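Undergrad: the sequence and its predicted three-dimensional model are supplied below.
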Amino acid sequence: MTQPDRARIADAIAAAERATSGEIRVVLVRRSLLRGHVYPVLWASLVALLLPWLVALFRPMPLLALFAAQLVLFGGGALLLMLPGLAVCVTPRSVREEAAREMALTQFLALGIHKTRERTGVLILVAPADRVAEVVADQKIHACVGHDAWHAVCTHLIEGARAGRLADGLVAGVAETGRVLAAHFPPRPDKPNELPDHLVVV
């Protein structure tokens, strides 16, 4: 994320907020949110248990060689699947989304988004390493638009990251958030800018 990219995102937030009384914050998570190695180890175990026996059906081998093959497959497979780029492939999307949700709620509170005067703050979080995004809206916004309104925002973020244009995806996601907010929370002349516009990287 270059400095010009950060400036574009801050400008997009400022532009979106001019059309609404809502407040927007954007958080980029640099590293994977996945903790532990349950799913890589599980998949490595399954492969190590089954593959040598399948091979043995067509090409008999001594029992000791079979156990050795299982051990090598388990150790090598587990280490390989623990690499961040591969761990995400064997971890269910629901687990990755839950991790993103927890981080988003943590950042929502840490950044004071819940302290806006009219409870109209929105947090956009993207975790490219885990291929997930999450939007958390404060009570007043959630009561009006619900959770489904943010699917298009998350789509912009994920597609931008997948195409290698994360900044473009964030700018598009912020613009879409601004449109959702403007439809329910029009701007007020006395509205201050309660939250900073810059990108937060954690």
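TA: Yep, that arrived.
Undergrad: show me what contacts residue 124?
TA: 24-27, 133-135, 153, 157, 170, 173-174, 177 (Cβ atoms under 8 Å, 6 or more residues apart in numbering). All C-beta spots, glycine's among them, are computed from the backbone N, C-alpha and C.
Undergrad: quick one: contacts for the nearest residue to it once chain neighbours are set aside?
TA: Leaving aside its chain neighbours, residue 124 sits nearest to residue 26 (4.8 Å; criterion: Cβ to Cβ, 6 or more residues apart in numbering). Under the criterion of Cβ under 8 Å, 6+ apart, the neighbours of residue 26 are 9, 13, 123, 124, 125, 126, 170, 173, 174, 199, 200.
Undergrad: which among these gets closest to residue 62?
TA: Minimum distance to residue 62 across the contacts of residue 26 is 51.5 Å, recorded for residue 126 (Cβ to Cβ).
Undergrad: element containing residue 182?
TA: Secondary structure from DSSP states H and E places residue 182 in helix 166-184.
Undergrad: what residues of that helix count as buried?
TA: 166-178, 180-182, 184 (16 or more other Cβ atoms under 10 Å).
Undergrad: which is the next helix or strand following that helix?
TA: For helix 166-184, the succeeding helix or strand toward the C-terminus, using DSSP H and E, is strand 200-201.
Undergrad: that older thread, which strands and helices sit next to the helix holding residue 182?
TA: Other elements packing on helix 166-184 under the criterion 3 or more Cβ pairs under 8 Å, 6 or more residues apart in numbering; DSSP states H and E are helix 3-18, strand 23-28, strand 121-127, helix 139-145, helix 151-162.
Undergrad: what stretches of this protein score poorly on pLDDT?
TA: Residues of the chain meeting the criterion pLDDT under 70: 36-37, 80-85.
Undergrad: can we see that at 80?
TA: Low-confidence segments of the chain (pLDDT under 80): 1, 34-44, 48-49, 53, 66, 70, 73, 76-91, 146-147.
Undergrad: good, wrapping up.
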